[in-house]
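Undergrad: this is a predicted model, with the sequence first.
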Amino acid sequence: MRKPNLSRLSEAKVQHDAPDMSTLEGELSAMDHALEDTVLRLSDYLSAVDMVISQTFDHRVWVKAEIRNLSSKGGHYYFELAEKDDAGKVVASCRGTLWRSLAPRVLQKFERGAGMTLARDLTVLLKVSARFHPQYGFSLNIEDIDPSYTLGDLAQQYAAIFERLSGEGLLERNKALPAPFDIEHVLVIAPEKAAGLGDFRADADRLMRHGACQFHYHHATFQGNHAPAEIRQAIVSAQQQFATTYERAPDLLVIIRGGGAVGDLAYLNDYELAALVAELPMPVWVGIGHERDRVMLDEVAHTSFDTPSKVIAAIITHLSTLINQTVQYQARIWQAAQQQLSSARQHTTSTLANIQANTKGALTAAKKDCQYAWQTTEHSARQQLKRARTASSNHYQSIHDQSQQQLRRTRQHVHDTQQRISGYAYQQLASAHASSRHLRDIIMVQQPTRLLQQGYALVQSEARYISSIDAVSTGDTISITVKNGRIDARVTATEATSETTEQVTHPTFTNTQNITQC
């Protein structure tokens, strides 16, 4: 909408003077004395209130109020009206009704005059009459709405927001940001399926197909009381998503609307929305879609355009300018490079000629120096070779003599060691031979066959040799081997003796006392 003119603000109008409050209080006091001792039914009392209100306020007045809620049913419009103090606290409220018989005329008059539809949160000047119903309570009948007053109130709100933003230094904050050098990523905030968005996307899609720029679209409602909050949420959400994906800020934020009623622009005059746009870290370009009407977003944005088509045209122009500058810079760089290359070639040719001239003299001197160095080196090498041969011969003879002496000492040491080892081996062999004969005699003496010939026997139980009476019990079956056979027997009794016998590892020999033959 165009920047409001405060001179259009209307003053409240009253058709008839209301009764003086002191007169009204006197009349009511007289009624109190008359009804002091009377008991009334609720309906009678409320009917009396209705009569008093009808007689006292039987005229129409202009009342300024804010629309807190608005609904319609059956062609009737139902208002929730309120008055707030400077702190925003509600100090008065009531219901209001615009009946079906008057609604079309009143609403059309308001929309033509104000350029917007009647909605919540608007401050309006209403022509009303008071009504009281015993069942439904107090309400106002609305007969007319002055659109010029609403425009004046919107102008006051616009001026107040403008002054606040200016005082906080927000009007120029986004404008102070440098224009983007290269527009690679653009966030677009727009109403979904808006006519202006279609025109914008037609050119934007061509840029995307050629890889010149990427556009990221996010949608919000641009009309109604909830429009500012939705637009703020869309801006914040778009920034967060982009930062998560690309880990940087976008190059440009575009807010476009395009189309729609001029009156709907009033919803965009919101301080919180304007402050958010002003404090964004990237330039904001807006194209709301009306050439003569401005909103608060136009005041705080980096650049303001009349329509969305002009926004995309500016982006194309910016990219075209950047491409042209790039081509010009490329031509300048190529020209400078060619000049530098030509100069370098000339310098190289001159330097090469100087090097070649200097190299010939240096080469001749180097050859002479090389010949002298070669002769000196050859003579020195022959002298060193001669000395080395003499030294090598002396070293060889010394090493040969020392080796012979060491060899003789080693041979003598080996011979002595061999003699000691041989004597020790003979001693060990003789000792082992004597031990073997002794062990052979012991084995022969304790040979089982020899022992069996001497009257001893071998006792077994369950394939185990028995060497103690603890290994058998009465009733066990045992096997007794003698010199000429084997005897199977059962143990009938056992008796321990005090005599100890030497334990050996060979089979146990025993006699057959106390053993009964099976």
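TA: Yep, it's here. Residues are numbered from 1 along each chain as shown.
Undergrad: doesn't residue 340 lie inside a helix?
TA: Yes: counting by DSSP: H, G, I helix; E, B strand; the rest coil, residue 340 is part of a helix.
Undergrad: ok, it to residue 347 distance?
TA: 10 Å (Cβ to Cβ, to the nearest Å). In this view, the C-beta of every residue, glycine as well, is placed from N, C-alpha and C.
Undergrad: and what of residue 180?
TA: 42 Å.
Undergrad: sec struct for residue 47, please.
TA: helix.
Undergrad: list the residues that contact it.
TA: Contacts of residue 47 were listed using Cβ atoms under 8 Å, 6 or more residues apart in numbering, and they are residue 134.
Undergrad: could I get the pLDDT score of it?
TA: Here, the pLDDT recorded for residue 47 equals 86.
Undergrad: do the same with residue 290
TA: Residue 290 is given a pLDDT of 61.
Undergrad: repeat for residue 161
TA: 89.
Undergrad: packing partners of the helix or strand it falls within?
TA: Residue 161 belongs to helix 147-167 when assigned by DSSP states H and E. Secondary-structure packing of helix 147-167 (3 or more Cβ pairs under 8 Å, 6 or more residues apart in numbering; DSSP states H and E): helix 103-114, strand 123-133, helix 271-278, helix 296-300.
Undergrad: highest mean neighbour count out of these?
TA: helix 296-300 (a mean of 24; mean count of other Cβ atoms under 10 Å).
Undergrad: how far out from the middle of the chain is whichever helix or strand comes after it?
TA: Once the chain leaves helix 296-300, the next helix or strand it forms, by DSSP H and E, is strand 303-305. Centroid separation for strand 303-305 versus its chain: 34 Å, with Cα atoms, centre = their mean, to the nearest Å.
Undergrad: who touches strand 303-305?
TA: 283-287, 294, 297-298, 311, 314.
Undergrad: okay if I get those residues as a markdown table plus distance to residue 139?
TA: Shown next, in a markdown table, are those (distance: Cβ to Cβ, whole Å):
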| residue | distance to residue 139 |
| --- | --- |
| 283 | 51 |
| 284 | 46 |
| 285 | 48 |
| 286 | 43 |
| 287 | 44 |
| 294 | 39 |
| 297 | 39 |
| 298 | 41 |
| 311 | 48 |
| 314 | 53 |
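Undergrad: which one of the residues you listed is nearest residue 237?
TA: Nearest to residue 237, judged by Cβ to Cβ, of these is residue 284 at 16.0 Å.
Undergrad: distance of that closest one from residue 234?
TA: Taken as Cβ to Cβ, the span from residue 284 to residue 234 is 13 Å.
Undergrad: of these two, who's got more company?
TA: residue 284 (24 against 19; other Cβ atoms under 10 Å).
Undergrad: I'd say that one and residue 253 touch.
TA: Yes: applying Cβ atoms under 8 Å, one finds residue 284 in contact with residue 253, separated by 4.8 Å.
Undergrad: need the residues touching each of the two.
TA: By Cβ under 8 Å, 6+ apart, no residue touches both residue 284 and residue 253.
Undergrad: tell me which element the residue nearest to residue 102 when sequence neighbours are not counted falls in.
TA: Of all residues not flanking residue 102 in the chain, residue 143 sits nearest, at 6.1 Å (Cβ to Cβ, 6 or more residues apart in numbering). Assigned by DSSP H and E, residue 143 belongs to strand 137-146.
Undergrad: returning to what we had before: next secondary structure after the helix holding residue 161?
TA: Next element after helix 147-167 (DSSP H and E): strand 185-190.
Undergrad: could you export that next one as CSV, CA atoms only?
TA: C-alpha atoms of strand 185-190 as CSV (Å, rounded to 0.1, in the frame of the first residue of the first chain):
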residue,chain,number,x,y,z
HIS,A,185,22.3,-19.4,-4.5
VAL,A,186,19.0,-17.4,-3.9
LEU,A,187,16.4,-18.1,-1.2
VAL,A,188,12.9,-17.2,-2.4
ILE,A,189,10.0,-16.5,0.0
ALA,A,190,6.6,-16.3,-1.8
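Undergrad: which residues are contacting that strand?
TA: 196-197, 200, 204, 213-220, 222, 231, 234-235, 238-239, 242, 246, 250-258, 308, 315.
Undergrad: so what's the gap between it and the chain middle?
TA: Centre-to-centre, strand 185-190 and its host chain are 22 Å apart (Cα atoms, centre = their mean).
Undergrad: with stretch 134-145 instead?
TA: With Cα atoms, centre = their mean, you get 57 Å for stretch 134-145.
Undergrad: and if you look at stretch 403-419?
TA: 85 Å.
Undergrad: output that stretch as PDB, nothing but the C-alphas.
TA: As requested, the backbone C-alpha atoms of stretch 403-419 are provided in PDB (Å, rounded to 0.1, in the frame of the first residue of the first chain):
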ATOM      1  CA  SER A 403      99.000 -65.400  11.300                       C
ATOM      2  CA  GLN A 404     101.700 -68.100  11.300                       C
ATOM      3  CA  GLN A 405     102.300 -67.500  15.000                       C
ATOM      4  CA  GLN A 406      98.600 -67.600  15.900                       C
ATOM      5  CA  LEU A 407      98.200 -70.800  13.900                       C
ATOM      6  CA  ARG A 408     100.900 -72.500  15.800                       C
ATOM      7  CA  ARG A 409      99.500 -71.500  19.200                       C
ATOM      8  CA  THR A 410      96.000 -72.700  18.100                       C
ATOM      9  CA  ARG A 411      97.300 -76.100  17.000                       C
ATOM     10  CA  GLN A 412      99.100 -76.600  20.300                       C
ATOM     11  CA  HIS A 413      96.000 -75.600  22.200                       C
ATOM     12  CA  VAL A 414      93.800 -78.000  20.200                       C
ATOM     13  CA  HIS A 415      96.200 -80.900  20.800                       C
ATOM     14  CA  ASP A 416      96.300 -80.300  24.600                       C
ATOM     15  CA  THR A 417      92.500 -80.100  24.700                       C
ATOM     16  CA  GLN A 418      92.100 -83.300  22.700                       C
ATOM     17  CA  GLN A 419      94.400 -85.100  25.200                       C
END
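Undergrad: show residues contacting it.
TA: Contacts of stretch 403-419 (Cβ under 8 Å, 6+ apart): none.
Undergrad: just the buried residues of it, please?
TA: Using 16 or more other Cβ atoms under 10 Å as the test for burial, stretch 403-419 gives no buried residues.
Undergrad: what do you get for stretch 56-75?
TA: 57, 60-67, 70.
Undergrad: show me the residue at the heart of this structure, geometrically.
TA: residue 244 (6.8 Å; Cα atoms, centre = their mean).
Undergrad: surely it forms part of a helix?
TA: Yes: membership of residue 244 in a helix is supported by three-state DSSP.
Undergrad: mind checking the SS state of residue 65?
TA: strand.
Undergrad: kindly report the same for the one 3 residues further on.
TA: Three-state secondary structure (criterion: three-state DSSP) places residue 68 in strand.
Undergrad: residues contacting it?
TA: 80-82, 93, 120-121.
Undergrad: kindly report the same for residue 124.
TA: 64-67, 118, 145-146, 149-150, 153.
Undergrad: tell me which of the helices and strands packed on helix 147-167 lies nearest to residue 454.
TA: Per Cβ to Cβ, nearest to residue 454 of the helices and strands packed on helix 147-167: helix 271-278, 124.7 Å.
Undergrad: run through who's touching the closest one.
TA: 161, 164-165, 168, 170-171, 173-174, 228, 231-232, 235-236, 255, 284, 296-297, 299-301.
Undergrad: what do you get if the cut-off is 6 Å, keeping everything else the same?
TA: 161, 165, 170, 173-174, 228, 231-232, 284, 296, 300 (Cβ atoms under 6 Å, 6 or more residues apart in numbering).
Undergrad: which residues touch the helix or strand just after it?
TA: On the C-terminal side of helix 271-278, the nearest following helix or strand under DSSP H and E is strand 284-287. Residues outside strand 284-287 that contact it (Cβ under 6 Å, 6+ apart) are 174, 253-256, 277, 297, 301-305, 307-308, 310-311.
Undergrad: which two among those residues are spaced furthest apart?
TA: 174 and 307 (20.1 Å).
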